[in-house]
Structure formats: structure tokens, C-alpha cells
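[1] take this sequence and fold it.
(one chain, ligands or ions: 1)
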Amino acid sequence: MTFEYKIADISLHEAGRHQIRLAEHEMPGLMSLRREFGEAQPLKGARIAGSLHMTVQTAVLIETLTALGAEVRWASCNIFSTQDEAAAAVVVGTGTPEDPQGVPVFAWKNESLEEYWWTAEQILTWPGAAENPELGPNMILDDGGDATLLVHKGVEFEAAGAVPAATEEDSHEYRLILDVLRASVAADPQKWTRTAAGIKGVSEETTTGVLRLYQLAEQGKLLFPAINVNDSVTKSKFDNKYGIRHSLPDGINRATDVLMGGKVAVVCGYGDVGKGAAEALRGQGARVIVTEIDPICALQAAMDGYQVATLQSVLDQGDIFITTTGGKDIIMAADMVRMKNKAIVGNVGHFDNEIDMAGLAAVPGVTKVEIKPQVHEWVFDAGTDAERSIIVLSEGRLLNLGNATGHPSFVMSNSFANQTIAQIELFTKHGQQAAGAEGLEYGNEVYVLPKILDEKVARLHLDALGVELTELTKDQASYLGLDVAGPYKAEHYRY
Ligand code: NAI
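    Here you go, the predicted model:
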């Protein structure tokens, strides 16, 4: 059978392999899971459809999953986030560019949205599965929920007997999803129903994807068990916060090289990502203003020493605006036209609907100048005395992945150790509809990993940082009502 894949340039594989080798050194969690489970092969028989930024760190995750026995097909979960050299190295694997032996990857930097949804379908379309469902995917590893969405929408439309025509209100992207599903259902009318029936579970990486999963579960529409990896403490309190603290300034620097010190930076949202963003900008000497809708997070920001204001009241003060909310319509076109000349606008929330790019493009007389890929100057009133412009990064999509290379390896080792453990849990202990049958712990609901596994992920990263952990004595443990080996905190503890 031919080895299918679609990437930018397979000749980049050596550069990718060098980076992967260095990343492995910085990813002790994943490498230790390879040592612990390599022999037992707990993912033997798992056929994982992965949709997550195709970076160097993700390459180490993919090769951990295959080292544990899984077969994998991979796409990126964002059109700008692929590192082409990492994709090439993963495809080549232990082979050569002429005879690749790695994993089928469908991802390249700068995909169109049409191409993006094509890649999403490819990871769920396994050779031979139409004739033999046993050959189809049986696990999903998702970031933002697009692979899960495709399966759920496909099943919904197959049950309804037709994929509906797009309506006036449907976004451009939703129309593309309908197109993909219409073509696939025409070719194979039970494709998505059959695929969903084979899926034992999904592990979801991020806040936004998790929100979608809980919404499906609440409506009783979730078709397979899900593990919310994001809310492992060793994920959201590390990747979202310390990861963004590193990769946000990296993206701003690579895009603009503007000095952040002394500037006014406005951070919309003070959740985990916003906290990391604000800290990074303050660390560079910027004066940071936070916007929030949640009184608790607003109070936290104030106690952390930030001014908290509404966006509208600081539009003419900010030099840098960053959205981190996971919500929509945070910075609108009418806001952008009021900003200072050369203000920088970027987003690190998962989807591109935080910044009103369509509205910006529709401002009368606006022109768009490409400074370089993923850096655009939008000029208002060009040629008049009132001419001024703003700089928008990554067209409103995740700038830390579009303008830089995303979070560094060490923090992703925490996130991806959770992903790997979640895949093992779901693959080996999934249930049918309801949990509770012997050995089957996961029904069609959304779960977080047990705290003892969360603590294990943290433990795997201590030695590399020279951390000396204090051990509870038996007496201390019984005083606190704990086991010496953990877990050390109650479920309601917030860290
Ligand atoms: P979170 O829920 O902890 O924080 C979001 C915050 O935004 C909340 O405190 C909320 O009250 C606030 N908010 C919501 N609407 C707002 C509005 N209109 N104005 C001001 N504040 C508003 O979520 P988290 O974990 O911080 O994630 C945020 C987004 O970042 C999600 O889309 C997530 O998927 C994404 N993410 C991106 C990463 C990256 O590498 N760029 C890494 C991890 C998460």
C-alpha cells in the first residue's frame, strides 16, 4: 500500500530530526513514559487520528504514541502552526525521503481553510476502512475539537439523511465543513456513523475544545468517552500559563521586534493564558492593562498589580493588544480604527474569532500591506493627513504558533504526558455508553485524569530541574488524612 502524506517539503527531514533530538532531551515526561510502557505496548491496536499543531514537540508526542504501539495519522489544528521540518521528520521516521517509514502527516505551514478541512478529513480516513471498519481510526487526539466536530456533524447529517445547504448566517468556515461532509457522505453514506462507532475515546488538549465537549455531553450528544486533558493541573496551570509566558513574547519579537519595555500592553482575559501573557509583558517592562468579565479574575489581576479597565476606555492608550479569552468579538473593527498609529494586535486564544478580521477588511478605504508572512499592516485613510495603521499578527489566529514555534518543549512534555496517559486510559478502559462494567471506567462523558496521574506527570519533570521533594512521614500523612504516596490534594483544591 502506498504511504499517503501531504507536507511542504520532505527534504527538510534532517533539520527536523535534529530539533526533535534536542526536544527529546527537554521532554523527560514523554521519554520516561516510553521507558515505562515501551515493552508493554499498551497502545498496540490503537489507531489514533491526531489533530494538534504539527510542531517539533508534537513530533515527540507522535513518536511516543507509536513507541507505545499505536498507529497514527496526523494533521495540524491550525493553518499556520505547522513546523514543516518537524512534519518531514515524522513522515520519514526511520526510513528515507524515497522510502518513508514514519507516520502519515497531512500538515504544512500556511494552509488555506479549504486545505485545512481536507487534512482534517484525511486523519479520519484510513486506507481500507470503507470495506473493513476494523481498519478505521479508533481513537482521536484533538486540540480545539475540530476532528471531534467533523465526526459528530457527519453522524448528525447521516442520521438526518442529508447534509443541509448552507444558510446566510453560516460562516465561511462552516460552509467548508458542510462541503467536506457533503462530498464524503455522497461517496460513502455511512462513513461517519461507522467511524464514530469505532472510536473508543477522545483526549482533548485545550480550553476551547473542552468547552465544546461539555456542551455535547450536556445535550446527551457525545458519541464516545472524552478525557479533558486541559484541566489536568499539570496542563492548564503550566502550558496555558508558563507556555504562553514564553511563546507570546517570542511571537511578538519574531513578528515585529518592537521593544516592549515602556509600552502599554492590553491583555484581554485573565484566565490561565491571560495570566501568563500579562506576566510576560510586564517582565519585558511593559505597563500592562487587563480586561475581564469575571469579577474573580478581575480582582486577581488587580491584586497582581495590573490596572483593570474596559477595552473601550484604553483603546487610545495601548501599544500592544492581546486577546486570550477563548470568547468571540473581543476586539472589533470599530475598536481597531480608534487605536494609536502602529498599535500591534494579536490573539493567542484558540480560534480566530476574538479579533474581527472580517470587519477590519470591510472598513471603508482600508488597505492591507504584507510586511512578511503572518504580519500585516492595515492602513486607514491612506494618503490623507489622517493616515495611520495597525499591525495585525497571524491574521488574528494564534500568534505564538503563527509567528513563532509555540510553547517550548519542557512545558509541552507535561501537556503531552497527560495526552499519552489519557490515550492509554481511554484505549484500555473505555466503556460502552456507561462506565462501571468491570475494567471499563469511561462512558460517554467528559472526564479529567485522576489526581494521582496528574501528580505523576509533575513528578516525571522534577529531576530534570534538580527539585528535591520533601517526603511526608507516615505520622504526618495520617495527621493530614493522606497516603504517603499521594494524592496530596482534594479534588476541589485549586492550586
Ligand atoms: P480561561 O477560561 O482560563 O480564561 C479565559 C478568560 O477570559 C476568563 O477568565 C474569562 O472570564 C475571560 N473572558 C471571557 N470573555 C471575555 C471578554 N469579553 N473580555 C475580557 N475577558 C473575557 O481559558 P484559558 O485556559 O486561559 O484559555 C484561553 C484561550 O486560549 C482558549 O481558547 C484556549 O483554548 C487557548 N489556549 C491557547 C494556547 C496557545 O498556545 N495559544 C495555549 C492554551 C490555551
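[2] check contacts around the residue of the chain found nearest the ligand.
    Of all residues in the chain, residue 271 sits closest to the ligand, at 1.8 Å by Cβ to the nearest ligand atom. Quick note: C-beta positions are derived from backbone N, CA and C, even for glycine. Residues near residue 271 by Cβ atoms under 8 Å, 6 or more residues apart in numbering: 207, 240, 297, 324, 325, 326.
[3] which residue, other than its chain neighbours, is closest to the fifth one?
    Counting by Cβ to Cβ, 6 or more residues apart in numbering, the nearest residue to residue 325 once its immediate chain neighbours are dropped is residue 269, at 3.7 Å.
[4] try the third one
    If you skip the residues right next to it in sequence, residue 297 has residue 270 as its closest partner in space, 4.3 Å away by Cβ to Cβ, 6+ apart.
[5] quick one: pLDDT of the one you found?
    What the model reports as pLDDT for residue 270 is 98.
[6] same thing with residue 441?
    pLDDT, residue 441: 80.
[7] tell me how many other residues surround it.
    17 (other Cβ atoms under 10 Å).
[8] does it touch residue 428 like I think?
    No - Residue 441 is not in contact with residue 428 according to Cβ atoms under 8 Å; the separation is 9.4 Å.
[9] tell me the domain boundaries of this structure?
    10-234+407-454, 259-349+353-396 (automatic domain parsing).
[10] which stretch among these comes nearest residue 486?
    Proximity to residue 486 (Cβ to Cβ) singles out domain 10-234+407-454 among the domains of the chain, at 5.6 Å.
[11] span of the closest one from start to end?
    37 Å (Cα to Cα, to the nearest Å).
[12] is it anywhere near the ligand?
    Yes - Domain 10-234+407-454 is in contact with the ligand by Cβ under 6 Å from any ligand atom, via 206, 207, 208, 407.
[13] and the gap between the closest residue to residue 71 other than its chain neighbours and residue 23?
    Distances taken as Cβ to Cβ, 6+ apart place residue 47 nearest to residue 71, at 4.8 Å, with adjacent residues excluded. Residue 47 sits 25 Å away from residue 23, going by Cβ to Cβ, to the nearest Å.
[14] ditto for residue 13
    From residue 13 to residue 23 the distance is 15 Å (Cβ to Cβ).
[15] how about residue 364?
    Residue 364 sits 47 Å away from residue 23, taking Cβ to Cβ as the criterion.
[16] more crowded one of the two?
    residue 23 (22 against 7).
[17] is the more buried one in a helix, a strand, or coil?
    Recorded secondary structure, residue 23: helix (DSSP: H, G, I helix; E, B strand; the rest coil).
[18] contacts only, for it.
    By Cβ under 8 Å, 6+ apart, the contact list for residue 23 reads 56, 57, 59, 60, 409.
[19] which two of those have the greatest separation?
    The distance between the two most remote of the contacts of residue 23 (Cβ to Cβ) is 10.3 Å, for 59 and 409.
[20] and the two? which has more neighbours close in?
    Set residue 59 next to residue 409 and count neighbours by other Cβ under 10 Å: residue 59 wins out with 27 against 22.
[21] and the contacts of stretch 104-124?
    3-8, 49-51, 54, 72-76, 79-84, 87, 90-91, 137, 146-147, 150-151, 172-173, 176-177, 179-180, 184, 195, 373.
[22] what's the answer for stretch 480-489, then?
    Residues contacting stretch 480-489 (Cβ under 8 Å, 6+ apart): 450, 451, 452, 454, 455, 471, 472, 473, 474, 477, 495.
[23] got the buried residues for that stretch?
    Of all the residues in stretch 480-489, those buried under the rule 16 or more other Cβ atoms under 10 Å are residue 487.
[24] what sits against the nearest residue to residue 199 once chain neighbours are set aside?
    Once flanking residues are discounted, residue 199 sits nearest to residue 224: 4.5 Å by Cβ to Cβ, 6+ apart. Neighbouring residues of residue 224 by Cβ under 8 Å, 6+ apart: 196, 199, 200, 201, 202, 430, 444.
[25] now neighbour count too, for the residues you listed, in TSV please.
    Below are the contacts of residue 224 laid out as TSV (neighbours: other Cβ atoms under 10 Å):
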residue	neighbour count
196	19
199	23
200	22
201	23
202	30
430	20
444	20
